Every structure is written in C-alpha cells, then in structure tokens.
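Asks: Structural data only, the sequence is not supplied:
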C-alpha cells in the first residue's frame, strides 16, 4: 500500500506569528471589497488552504473524479483546526457530495466554521439557488462559490450578484476551454471567454478559476488560462488546480492574481503551512 493509499495529513503547523509580523484572521461578520492591491508589484497575494469533503472524510480527488481519491486526510474538523492555527486569510471548503448531488449541508458547514476558530470560511459545492447560498451564509460562511447556478440562465448571474454582492464568488471551472458544471460532470454550454464576459457584465466581484485537468495532479497551474481569465474579466481572480510549490505561488502572483487555493500540496508537504504564513507575513490581512 502506498503512502497515498494510506492517506497523508499535514504536519502540525507552527504558531501564527512569523518573520515579518503576525498573520491574523479578521472578523467574518462582514465581507470586504476586493483588495486594493493585488499580485505582481509587491502587493497582497492571498494563499488559502482547501478542505474537500467526500462523505465525512477530507480527501483530494484526481481532476474531480470521484472514483480516484489521491489523498485521504481523515477527519475534516481536525484538518480545519490545523489549518486555522496557521491563521490563513480564509479556508476554502468544498462539499464534493453537494457538488455532485446539488444539496447543501448547512449543519456541516456550521460545525466546520466553528472549528475554524474565527478564520473566515469560503464554501462551495451544491449551491443551486440563491436560497442555498443564503442558507450557507446563515450557517457562517463568509463567502460562497457558485458555478452551476450562476450559469443556469441569462438572468442568473445578475440576480446572484445583486443579492449577494461581495459574498459571491463565481466558479470558472474549465475543461478544454469550456465551463464545466454540476460537479464538473456536465458541460456548461459556454466557452470560458463568454462566461467571463457575462460575469463582468453582471457585476460579479470575484472569480475562482480552476483548471480541471490540473486539479489534484501536482503538475503546476495553467498560467495561460488564468492570465486569460484575469485579463478578460479585470476582476480579482483566485487560482486553483495543479499548484505544487512556492515557485508556483510566485508565478501566480506575477501574473496579477488575487491569490491561490492550495490543496494536495499542503497535504503532501510540498508547500508547508509555515511557508504560507511567511509568504503572507509582509502583507496586510484582508477583512471579510
């Protein structure tokens, strides 16, 4: 049995105080606007850990394939506690079951928000309506990441953006140049360029872009895709998919992204929690 089969959990993180200053999490009561400085010129770049839930277990999948679990990380509440001790800007929580079934789990979100000890939690997976999004916000989510519902019809983006404002992040999940929805199992009917244009026109404030064919692979981020989304949208963009090292984080910052979501690299130790704190230590915190 390989180490991946057995499951890998991250080492116990060091204190949240690192060289260059204290990295703290701000209040999750009211989300803030996009950071005033982003990316390539020594400005704020956010790095957040991902916790992906399959059933009652934290896992990492290979390119979103439910039958290919790459890493098993055990109890999600314990993992959230470990990540929260490093005081990241936020924790990115993905309900994989919800993404597949279209059902949210507010009670589960509430328990993990409590485990996060004041660190804001951004939640995705299973949000198919405004009511779903509001239920997760009521459960304590600071922001919600919406993909399927956002591209369900011509007025969907405008409706969500007007009602949720800064609490909304739209998922730009891309396979072969097109948007994927419903847990990445269905083509969303739009090329990435059109999806991004619709988000901009609808007044969406922030995007979360995943290169599906890189996700969970540790093959490096798709810089061309991410630069396209950033340039076409002129919005803050969070990157996901394939991120494996501090060098990848540097590359993402250089192309002007707002930040990165890191999953498997944290679990396997190629990016450490203490490194995340060091990378952020020179920058201000972001108030949600």
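Replies: Cool, the structure landed. Since the model is a prediction, treat every value here as computed from it, not as a measurement. Numbering: from 1, shown residues only.

Asks: Wait, a helix at residue 173?
Replies: No. Going by DSSP: H, G, I helix; E, B strand; the rest coil, the assignment for residue 173 is strand, not a helix.

Asks: Now that it has come up, it's in contact with residue 207, right?
Replies: No. With contact defined as Cβ atoms under 8 Å, residue 173 does not count as touching residue 207 (10.6 Å). Where you see a C-beta, it was placed from the backbone N, CA and C, and this is true even at glycine.

Asks: Now do the helices in the chain.
Replies: Remark: helices assigned in the chain by DSSP state H are 3-6, 76-85, 96-101, 106-115, 130-138, 156-164, 192-202, 223-233, 246-254, 264-268, 273-280.

Asks: Quick check on residue 173 and residue 207: which one has the bigger neighbour count.
Replies: residue 173 (29 against 26; other Cβ atoms under 10 Å).

Asks: what's that one in contact with, if anything?
Replies: Neighbouring residues of residue 173 by Cβ atoms under 8 Å, 6 or more residues apart in numbering: 147, 179-181, 184, 209-210, 212.

Asks: go on, residue 232?
Replies: 193, 196-197, 200.

Asks: distance of it from residue 243?
Replies: The spacing between residue 232 and residue 243, counted by Cβ to Cβ, to the nearest Å, is 21 Å.

Asks: hmm, back to that, of all the helices of the chain, which gets the most neighbours per residue?
Replies: helix 264-268 (a mean of 25; mean count of other Cβ atoms under 10 Å).

Asks: Mind giving me the packing neighbours of that one?
Replies: Packing partners of helix 264-268 (3 or more Cβ pairs under 8 Å, 6 or more residues apart in numbering; DSSP states H and E): strand 65-74.

Asks: Give me the distance from stretch 87-98 to the chain's centre.
Replies: Relative to the chain's own centre, stretch 87-98 is displaced by 6 Å; criterion: Cα atoms, centre = their mean, to the nearest Å.

Asks: Please renumber the chain so that the first residue is 191 from this point on.
Replies: Okay, residue one is now 191; in that scheme the one you just asked about reads as stretch 277-288.

Asks: And it, end to end?
Replies: 27 Å (Cα to Cα, to the nearest Å).

Asks: Rounded mean pLDDT for it, please.
Replies: Across stretch 277-288, pLDDT averages out at 91.

Asks: cool, and stretch 408-426?
Replies: On average, stretch 408-426 scores 96.

Asks: partner residues bridging the nearest residue to residue 338 once chain neighbours are set aside?
Replies: Nearest non-adjacent residue to residue 338, counting by Cβ to Cβ, 6 or more residues apart in numbering: residue 371, 4.2 Å away. When bridges are called by DSSP bridges, residue 371 pairs up with residue 376.

Asks: how about residue 371, what does it touch?
Replies: Counting by Cβ under 8 Å, 6+ apart, residue 371 touches 337-338, 341, 363, 377-378.

Asks: ok, and the most crowded of these?
Replies: Busiest of those [other Cβ under 10 Å] is residue 363, holding 29 neighbours.

Asks: So for that residue, what pLDDT did the model give?
Replies: Reported pLDDT for residue 363: 94.

Asks: From residue 374, how far out is it?
Replies: Residue 363 is 6 Å from residue 374, by Cβ to Cβ.

Asks: do residue 294 as well
Replies: Counting by Cβ to Cβ, the separation of residue 294 from residue 374 is 17 Å.

Asks: likewise residue 324?
Replies: With Cβ to Cβ as the criterion, residue 324 and residue 374 are 24 Å apart.

Asks: and what of residue 362?
Replies: Taking Cβ to Cβ, one finds residue 362 at 12 Å from residue 374.

Asks: wait, doesn't residue 285 sit right on residue 314?
Replies: Yes. Residue 285 lies in contact with residue 314 (Cβ under 8 Å); the separation is 7.2 Å.

Asks: higher neighbour count, the two?
Replies: Between residue 285 and residue 314, residue 314 has the larger neighbour count (other Cβ under 10 Å), namely 28 against 25.

Asks: Report pLDDT for that one.
Replies: For residue 314, the model assigns a pLDDT of 94.
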